[in-house]
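**Q** I would like the atomic coordinates for the input below:
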Amino acid sequence: MALLAGGLLAAGSSFGGGIDPSVQARIDAKVKEIQGWASDPVIVKAVAEQNATPPAEFASMTQEKWKNLTVLDPVVRGFTKNGVGTFLKGKKDDVISEAFVSSADGTKVGFLSKTTNWCHKGKPKHEEPLQGKSWQGPVEVDESTGLQQVQVALPIVEGGKPVGSLVVGLSLATLAGQ
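**A** Numbering: from 1, shown residues only. So this is what the prediction gives:
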């Protein structure tokens, strides 16, 4: 366990400053791969459709209601089994600890597994992509997965305009071991 913890700290942590340059290079390479996901027609179409016609049941969803839903709830399962959730499952590998897509208003379109938050509006991981920029967060232990990771976020673009965000958590333990 000490070796694992030491490797993670070498990979970067909020305690020790930045991410090791070799791990950052692996993150950058993974981001290039993920950029293709953000422009895939399955994701772009689903985000555009939700932006145009948000499901009526989303209007009453709050963070408190979301927090109380189990992973087996039909609402939650719908996000893992829709086109976006299926697409993300097909792309998952050992480096990916989580992935989710949000529409312009920050609400979920699809994901690999239930996210901690229902809406990411107002958070840099969503707002930066809506400005057309990519974003990389700090090293963190993700609440929903329990893994030490770094999140990256990319814009989902339709017709040259950002319309949503794709956030992907990257496992530092896996990246450090490559």
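**Q** could you pull out the helices for this protein?
**A** Assigned by DSSP state H, the chain shows helices spanning 2-11, 21-38, 41-52, 63-68, 74-81, 83-91, 124-130, 172-177.
**Q** Let's have those in CSV, adding mean pLDDT.
**A** Putting these into CSV (pLDDT from 0 to 100) gives the following:
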stretch, mean pLDDT
helix 2-11, 32
helix 21-38, 94
helix 41-52, 97
helix 63-68, 95
helix 74-81, 96
helix 83-91, 97
helix 124-130, 97
helix 172-177, 88
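**Q** Minimum distance to residue 103: which of the ones you listed has it?
**A** Proximity to residue 103 (CB to CB) singles out helix 41-52 among the helices of the chain, at 4.3 Å. All C-beta spots, glycine's among them, are computed from the backbone N, C-alpha and C.
**Q** what's the burial count for the nearest residue to residue 142 once chain neighbours are set aside?
**A** Distances taken as CB to CB, 6 or more residues apart in numbering put residue 149 closest to residue 142, at 5.3 Å, once the chain neighbours are dropped. Residues lying near residue 149 (other CB atoms under 10 Å) number 24.
**Q** which residues sit in contact with the closest residue to residue 104 other than its chain neighbours?
**A** Spatial nearest neighbour of residue 104, excluding adjacent residues (CB to CB, 6+ apart): residue 51 at 4.9 Å. Each residue near residue 51 by CB atoms under 8 Å, 6 or more residues apart in numbering is listed here: 103-105, 163-164.
**Q** The residue nearest to residue 142 touches residue 99, doesn't it?
**A** No: Residue 149 lies out of contact with residue 99 (CB atoms under 8 Å); the separation is 11.2 Å.
**Q** Now do the shared contacts for these two.
**A** residue 169.
**Q** that older thread, make TSV from the contacts of residue 51 and add pLDDT, neighbour count and distance to residue 82 to it.
**A** Shown next, in TSV, are the contacts of residue 51 (pLDDT from 0 to 100; neighbours: other CB atoms under 10 Å; distance: CB to CB, whole Å):
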residue	pLDDT	neighbour count	distance to residue 82
103	98	24	13
104	97	19	18
105	96	14	17
163	98	19	17
164	98	28	14
